[in-house]
Every structure is written in C-alpha cells, then in structure tokens.
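> Give me the fold of what follows.
(chains A, B, C and D)
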Protein chains: 2
Amino acid sequence: MTTEQPLYHDMTVKPSGMVDHLSDAQWAKLAPLLVQHKHYAPGNVVSRRGDLLNHSLLLLDGLIARSVPRGQRARSTFVALQFPGEFVDLHAFPLKRLDHDVVSLTDTRVATVSHDTLHELLNGDVELARKLWLMTLVDASIHRHWVMRNSAMRALARVANFLCEFDARMTAAYGVERQSLPFSLRQTDIADATGLTSVHVSRTLRELREHGCCSVTGGKLLIHDRNGLHKVGMFEAAYLYMPEPEAVI
Amino acid sequence: MTTEQPLYHDMTVKPSGMVDHLSDAQWAKLAPLLVQHKHYAPGNVVSRRGDLLNHSLLLLDGLIARSVPRGQRARSTFVALQFPGEFVDLHAFPLKRLDHDVVSLTDTRVATVSHDTLHELLNGDVELARKLWLMTLVDASIHRHWVMRNSAMRALARVANFLCEFDARMTAAYGVERQSLPFSLRQTDIADATGLTSVHVSRTLRELREHGCCSVTGGKLLIHDRNGLHKVGMFEAAYLYMPEPEAVI
DNA sequence: CGGAGCGTTGAGCAACGTCAAAAGACGTGG
DNA sequence: CCACGTCTTTTGACGTTGCTCAACGCTCCG
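Coordinates of the predicted model:
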C-alpha cells in the first residue's frame, strides 16, 4: 500500500470506489463534513465492539477489517473488509452501537464525519440519505456473499473467490485494472477472512500458483490468468453492485 | 406454523417482531400502504435473483429464506432467514435488483408495499426512513453473525447457535418465550443455513438431544435447557438489536 | 397397499485442522 | 557489512471433522 500513490489527497475531487455511487453534487455536499483525517498503524483497533459511536469513518487509504474476536488467545474472524473509498462503519449512524471490532490491517488514513452533522445534512437531502442507505446495503450484499462463500465453497474455490473480490474492489478503488496489485494482507488475514487456518491457506495459495492462476509474493498479488481465477473461484461480480458497468483496461 | 394463531390479522395493531423498532405513530403511517396480502405454499420461489423489483414484502406469517442457488441439482445455500414481522426484501427498495432468490419454507402470508408509495412516504418522513434503514442494518448485522457462525464454529456449536437464534427471533415475533415452539424447518433447511450436510445435521441434533439441551421432533422445537443450549452455542443476542430489552416470561 | 419425502445409521474417505520444526523476509543495532 | 530477533511462510506427519454413498425405517397421503 505504501508504494502506491496516496488516494484522496484533494477532497474536492470525487474519488472512485464505493463513493462513486454519489453524484458530483452529492459528493460536494458531503466532502466538507469529512474532517479530522487520522492515521492508523497496522494492527490498531480503531473502535471496539459495543462502543457507542457518535461519528463514522470514510477509509481514504489502506485496508480495514471488521473483526469478531473469539476466545482469549485464539485468532479472530473477519466478517468484512473495507477498501479505500468505502465507509467503514456507516451502519453505526442508525445503529449507534457496533457488534464487532474495527481493526486497521495496514497503514491507513481515514476521514471522520460526526453523526450530528450527518443527521442535519440528511434531513435536508432525502436523495443523499437514500444513497448512503444504498451504500450500507451493498455492504450487506457482500456479507451475504461471504456467508455463501465460507459456507458452500471448498478451500481452493474459496480463496480464489476471495482474491477475485479483492481484485475487483481494488480495481474499483483505484480506477484501473492491473495485472499486479499491491497486496498487504498476510496469509493469516486471508485465513481469518475465509474461515481456514493459515497453514491451509498457504497450501491453497501454492495450488493456485501451480494452476497458473495467480501468485502472492512480497506484498504483491500477481494475476497471471484472471479468467482462470474467476473460473476456479466461480466469481460473478454482480453482488458488488459496482457503480459503473464500464470496461476498464 | 399452521397450529399457531395467525399473526397480523388486524393491521391497525402494531405487531411485535422487527417492526417493533417503529413507534405506534410510524406504524400507523406505514400500515395502510401494506396492501395486497398474498399467500405462498412451502417451496415457492417468491422472487428470483436478478429480478427488478418495484415492491417489497413484509412477512406476516411463516418463514422465508433468502437463498443462493448453486449448480443445477445441488442444494442451495441460505444466506438469511426471515421471521414474521420482518421485511423480506426491503433492501430491494434502494438496490432495485436482488442478488439472491426469495423462497417460502412454510405456508406464508405476506403484505406488499410498492416502492413508489414508499418513496413518497419516506420523502415526507425522515425519521421513518431512518427506521427502515435501521431495520435493513439489523439484517446486515445478522448476516455478519452468520459469516462468523459458519466460518468459525464447529458443527455442534453452529447448530446450537442457529437454534438459539431461531428461538430468539420467534420469541420476538410472537412476543412470548416458550419451552416448546413450532419448528417447521426440515433438517435439510438447517443444513442449507449452517453450511453442513443434512446427514451431519441429523447426527448433530442427536448429540444436542443427548446433551439434554433440546430436541427437534414433529414440527416442534423443545428447549429442555435454554442456558445449556446458549452455552453450547456460545449465544449472545446483542447482534439481533432487539427493540425492547425487557424480560419476557 | 404403494409411493414419496424425510430422518437415521453405518462404513469408508477426503478435506482440513493441529502440532512442530525450519526456512525465509525484514528491520535494528553493532 | 554482519548478527540478531521477530514475524511470516513453508513443509511434514498425523489426527479429526464432516462429507459421500448407500441402505433402511418412518410417516403421511393418495
């Protein structure tokens, strides 16, 4: 992530990614409320399960996991992953209280919006409110896909599908489809997200490498055969509800 | 389900269950829009993945699954289950298109609300809009719990936890906690919801029976030891965001 | 009585987890 | 530059969970 051009330096420019669901005008109304940019180092707990929140975060750069701790010294389970341009905990606006931890996986930058200001803004703009609602519903759709993936797919397909999603959402966040993308997740993170052990993730990645699909090394995900990877992972992107159906090179 | 007193005969009375998040006044505004009550027999596909929807459904009675088909003659995976008093596909209002099928598991009654009328109503009532938003977010929270359950829990705990959720949501829907509740799911349904095979579900239920926790027979779920069941299933109800934290007998 | 659907049981097996050891990657300080 | 410690990845041997296949019983209903 650190080798990448930082995203969202100029908040007046509507970025790509999830917030692309908003029109330019809507972004112009929302952007000024996104204040108090913060930075987190990898492995930081941004907010904890049960906390009462009076603000929400837009992820500007890096990766953040929504994670459910289990037991004392056992690993936790990831129930969601957030990419740049996505709200991390917008659901805390109506819900107030979180049911999971929010943890930074890499160096991250976030912008904060207070629920009070959001409340006022949305009272005066029903359309924008509906857009934010929609964005949380895309999250929910991704949750459902994770249920399906971790319940119904074998390790090989499961990891492949996970990598396809990673690819698709990174592409959305950065606006370019690439053959080599920055990949700052450790294998234990993949394990937490897919419900496997890191040992088995290691073996599965080797298998994908030997299939000629992709390889994960040195913080990079190299996609050798995107079609093949999609096939192995039975990947269909519809559940991501991407804003533009345009083809990117 | 058929042995039960039918719910929601008189729409002017605010029912319990999920819609309990609404105030009396809010229910009074919403109820008149819930028209065209429909009935479905078990196993009916109410709406199909990819469909463009111009209305949403409130489940009045019975059980409905949101299900992702996989392969031709393979079983499908349930990504969610809806109980009486819950909206089945309210997310289709902002999202328009579904990413899964909607299937009736029992005899069901639903009420329909058109997206156009809902649109108008919500334009004039920001608070109500936020409540409906909240209700879809509770769904999302349950999705996350399902991700955790089906990724991180072993069969015994997984099935136990599923039954705990069933108990809790039935209790919310009917307003009474009981030792014996109507249970119209087949073991293959539990399998589809938990990501196990029906064979293994059968064995797991036997184990729960032998533990003295609960037994599933003849369309009834008998809870012999609710505390024990909660313990085996590591169940904590917070993720359900129940409207009232009141204790019910 | 016969069939269909569902639940139960058993035997064998594949997928994945566990434990442990070792090798590689990376930064730090000498 | 090397030595060191820490973190991550890889590999092997072995154990266990849960799946597959197949048979049988049960219940309900025509």
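> Which residues of chain A lie near chain B?
With CB under 8 Å from any CB of the partner chain as the criterion, chain A meets chain B at residues A:50, A:66, A:68, A:70, A:77, A:79-80, A:91, A:94-95, A:99-100, A:122-123, A:126, A:129-130, A:133-134, A:136-141, A:143-148, A:150-152, A:194-195, A:238-239, A:241. Just so you know, the C-beta spots here come from the backbone N, C-alpha and C atoms, and that holds for glycine as well.
> Please list the members of those residues that lie in helices.
Counting by DSSP state H, the part of the residues of chain A next to chain B found in helices is A:94-95, A:122-123, A:126, A:129-130, A:133-134, A:136-141, A:143-148, A:150-152, A:194.
> Mind giving me the PyMOL select for these, buried ones only?
Buried subset of those, written as a PyMOL selection, criterion 16 or more other CB atoms under 10 Å in any protein chain shown:
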select buried, chain A and resi 94+95+122+126+129+130+133+134+136+137+138+139+140+141+143+144+145+146+147+148+150+151+152+194
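> what bridges to the spatially most central residue of chain A?
In chain A, the residue lying closest to the centroid (CA atoms, centre = their mean) is residue A:82, at 2.1 Å. For residue A:82, the beta-bridge partners are residue A:64 (DSSP bridges).
> contacting residues for it?
A:59, A:63-66, A:88 (CB atoms under 8 Å, 6 or more residues apart in numbering or on different chains).
> I'd like the residues you listed as TSV, with pLDDT appended.
What follows is these, written out as TSV (pLDDT from 0 to 100):
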residue	pLDDT
A:59	95
A:63	97
A:64	98
A:65	98
A:66	98
A:88	97
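> Please enumerate residues in contact with the least confident helix or strand in chain A by mean pLDDT?
Using mean pLDDT, DSSP states H and E, the weakest-scoring helix or strand in chain A turns out to be strand A:35-40, at a mean of 89. By CB under 8 Å, 6+ apart, the surrounding residues in contact with strand A:35-40 are A:46, A:60, A:62, A:104, A:107-113.
> List the strands paired with it, with their directions.
Strand pairing for strand A:35-40, determined by DSSP bridges: strand A:108-114 (antiparallel).
> What mean pLDDT does the strand it pairs with get?
Per-residue pLDDT over strand A:108-114 has a mean of 95.
> Report how many residues lie close to residue A:116.
Per other CB atoms under 10 Å in any protein chain shown, the neighbour tally for residue A:116 reads 10.
> And the strands in chain A, which stretches?
Counting by DSSP state E, chain A has strands at residues A:35-40, A:45-47, A:55-61, A:64-68, A:77-82, A:101-104, A:108-114, A:180-182, A:214-217, A:220-223.
> Okay, angle between the fifth one and strand A:108-114 too, please.
Per axes from the mean of the first three to the mean of the last three CA atoms, to 10 degrees, the angle that strand A:77-82 makes with strand A:108-114 is 80 degrees.
> Run the angle between strand A:77-82 and helix A:126-152 for me.
Using the same axes, to 10 degrees: strand A:77-82 against helix A:126-152 is 140 degrees.
> Next, see if strand A:77-82 gets close to DNA strand D.
No - applying CB under 7 Å from any atom of the strand, one finds strand A:77-82 separated from DNA strand D by no less than 14.4 Å.
> what's the distance between the nearest residue to residue A:123 once chain neighbours are set aside and residue B:22?
For residue A:123, ignoring the flanking residues on the chain, the nearest one in space by CB to CB, 6 or more residues apart in numbering or on different chains is residue B:126 at 5.3 Å. With the distance defined as CB to CB, to the nearest Å, residue B:126 ends up 14 Å from residue B:22.
> Show me the shaky parts of chain A.
The model of chain A has pLDDT under 70 over residues A:1-10, A:244-249.
> Tell me how it divides into domains.
A:18-149, A:155-240 (automatic domain parsing).
> among these, which is nearest DNA strand C?
Smallest distance to DNA strand C across the domains of chain A (CB to the nearest atom of the strand): 3.2 Å, for domain A:155-240.
> and chain A, which of its residues are near DNA strand D?
Residues of chain A lying close to DNA strand D (CB under 7 Å from any atom of the strand) are A:186-188, A:198-199, A:202-203, A:205-206, A:217.
> And for the spatially closest residue to residue A:196 that is not a sequence neighbour, the neighbour number?
When the adjacent residues along the chain are set aside, residue A:196 lies closest to residue A:155, with 5.8 Å between them (CB to CB, 6+ apart). Neighbours of residue A:155 under the rule other CB under 10 Å: 16.
> Tell me if I'm right that residue A:155 and residue A:197 touch.
No - applying CB atoms under 8 Å, one finds residue A:155 not in contact with residue A:197, separated by 9.8 Å.
> my read: residue A:172 touches residue A:84, true?
No - with contact defined as CB under 8 Å, residue A:172 does not reach residue A:84; the gap is 9.3 Å.
> Who has more neighbours out of those two?
Neighbours per residue (other CB under 10 Å) separate residue A:172 from residue A:84, with residue A:84 holding more: 29 against 23.
> what's the spacing between the more buried one and residue A:62?
7 Å.
> Repeat that for residue A:193.
In terms of CB to CB, residue A:193 sits 16 Å off from residue A:62.
> thinking again about what came up before, can you check which residues contact both of residue A:172 and residue A:84?
Contact criterion CB under 8 Å, 6+ apart; residues shared by residue A:172 and residue A:84: residue A:17.
> Spatially nearest residue to residue A:159 (excluding sequence neighbours)?
Of all residues not flanking residue A:159 in the chain, residue A:204 sits nearest, at 4.7 Å (CB to CB, 6+ apart).
> Chain A against DNA strand C: which residues are in contact?
Residues of chain A found near DNA strand C (CB under 7 Å from any atom of the strand) are A:154-156, A:195-197, A:199-200, A:218-219.
> Buried ones only from those residues, please, as a PyMOL command.
Under the burial definition 16+ other CB under 10 Å, those of those that qualify are selected in PyMOL by:
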select buried, chain A and resi 155+156+195+196
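> Name the residues of stretch A:14-34 that are buried.
A:14-22, A:26-27, A:30-31, A:34.
> Include distance to residue A:165 when you put these into a markdown table, please.
A markdown table is the format used below for the buried residues of stretch A:14-34 (distance: CB to CB, whole Å):
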| residue | distance to residue A:165 |
| --- | --- |
| A:14 | 24 |
| A:15 | 20 |
| A:16 | 17 |
| A:17 | 14 |
| A:18 | 13 |
| A:19 | 18 |
| A:20 | 17 |
| A:21 | 18 |
| A:22 | 22 |
| A:26 | 26 |
| A:27 | 25 |
| A:30 | 26 |
| A:31 | 27 |
| A:34 | 26 |
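> Please report the distance of the residue nearest to residue A:159 from residue A:210.
Counting by CB to CB, the gap from residue A:204 to residue A:210 is 11 Å.
> Same question for residue A:127.
Residue A:127 is 50 Å from residue A:210, by CB to CB.
> Between the two, which has more neighbouring residues?
Between residue A:127 and residue A:210, residue A:127 has the larger neighbour count (other CB under 10 Å), namely 12 against 9.
> No further queries at this time; thank you.
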